[in-house]
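A.B. asks: My questions are about this predicted structure, shown below with the sequence.
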Amino acid sequence: ETPDKAIGQTIYQYTSGEESSPLVIAGVAEDANFLAFHNKLKPFIYRVEPSQFSNILIKYDPAQQAQADAGVETAWNQVLPEFPILKSSLDAAFDDVFAIFSGISNALLGFSLMALLIATIGLFGLSAFMAERRIREVGIRKTFGASTSRIVRLLTFQFSRPVIWALVFALPAAYFAQNELLSFFADPISEEISFYLVFLFGGVFSLLLAWVTVGANAYRAANSKPVDSLHYE
């Protein structure tokens, strides 16, 4: 019923035929995933077999790694000086298991930044082109009393509509993609309210980035002198 009641009980392991070995439960440990994240947690039995002992596990404070290594070396040389000590870190072992997931994350991050950079450059070029084509319209508006801030808002918000339409298609696609990625793991994170804030932040950031990118060209066009754009009309 409880881990405490299991201690001291006997279970039997059947080897071959009718032979069985009694095993006395000495303790109950928490569930731990020693495999990879795509594997579900499985029940483990840790058997005390002195004849099979070949490793020593040592837990130490990472801040005192040098002292721990020196202490292990000293103790090892006192017990088994004729054998060289072979050490490996459990962190390094886990890093090897999860290296593929780190690689996938880094690749996705790199492609995302590249796509963001290309989109920003394209938006900047498009806004510069549109601002140049509407330079006479800007001159006329300024002649009739439109302020610089009003013209900047006008040109900037006109570029907001295609960005919003892009988000309408991009956010559902991103949600579907992250669900596909999370389905690869046996115990994915839960979809809490903070989880959806990532999409909200991404949408707001995209809109602000578009405003900043377009705003530079809009401000330059709005500050141009009307006489320069209308002198040949």
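C.D. replies: All right, it came through fine. Residues are numbered from 1 along each chain as shown.

A.B. asks: where does this protein have low pLDDT?
C.D. replies: The model of the chain has pLDDT under 70 over residues 17, 191-195, 226-233.

A.B. asks: Give the phi and psi angles for the residue most central in space within the chain, as a check.
C.D. replies: Centroid check for the chain by Cα atoms, centre = their mean gives residue 105 as the closest residue, at 6.2 Å. Backbone torsions of residue 105, given as degrees, to the nearest 10, read phi -60, psi -40.

A.B. asks: On the three-state scheme, residue 16 is what?
C.D. replies: Here residue 16 is coil, with the state taken from DSSP: H, G, I helix; E, B strand; the rest coil.

A.B. asks: can you give me the strands for the chain?
C.D. replies: Along the chain, the stretches classed as strands by DSSP state E are 10-14, 20-24.

A.B. asks: Take the ones you listed and lay them out in a markdown table including mean neighbour count and distance to residue 170.
C.D. replies: (Glycine included, C-beta is placed from N, CA and C.) Shown next, in a markdown table, are these (neighbours: other Cβ atoms under 10 Å; distance: least, Cβ to Cβ, whole Å):
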| stretch | mean neighbour count | distance to residue 170 |
| --- | --- | --- |
| strand 10-14 | 10 | 55 |
| strand 20-24 | 11 | 56 |
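
A.B. asks: of those strands, which approaches residue 204 most closely?
C.D. replies: Residue 204 sits nearest to strand 10-14 of all these, at 57.0 Å, using Cβ to Cβ.

A.B. asks: what helices or strands is that closest one leaning on?
C.D. replies: In this structure, strand 10-14 packs against strand 20-24, with contacts taken as 3 or more Cβ pairs under 8 Å, 6 or more residues apart in numbering; DSSP states H and E.

A.B. asks: before we move on, back to that, enumerate every residue touching the residue nearest to the centre of the chain.
C.D. replies: By Cβ atoms under 8 Å, 6 or more residues apart in numbering, the contact set of residue 105 is empty.

A.B. asks: quick one: it and residue 37, what's the gap?
C.D. replies: Counting by Cβ to Cβ, to the nearest Å, the gap from residue 105 to residue 37 is 12 Å.

A.B. asks: same deal with residue 168?
C.D. replies: In terms of Cβ to Cβ, residue 168 sits 32 Å off from residue 37.

A.B. asks: Who has more neighbours out of the two?
C.D. replies: Between residue 168 and residue 37, residue 37 has the larger neighbour count (other Cβ atoms under 10 Å), namely 14 against 10.

A.B. asks: Out of the strands of the chain, flag the one nearest residue 196.
C.D. replies: Of the strands of the chain, nearest to residue 196 by Cβ to Cβ is strand 10-14, at 46.1 Å.

A.B. asks: what are the pairing partners of that closest one, and which direction each?
C.D. replies: Paired with strand 10-14 in the same sheet, following DSSP bridges, are strand 20-24 (antiparallel).

A.B. asks: Just give me how far the partner strand sits from the chain centre.
C.D. replies: Remark: strand 20-24 is offset 46 Å from the chain centroid, using Cα atoms, centre = their mean, to the nearest Å.
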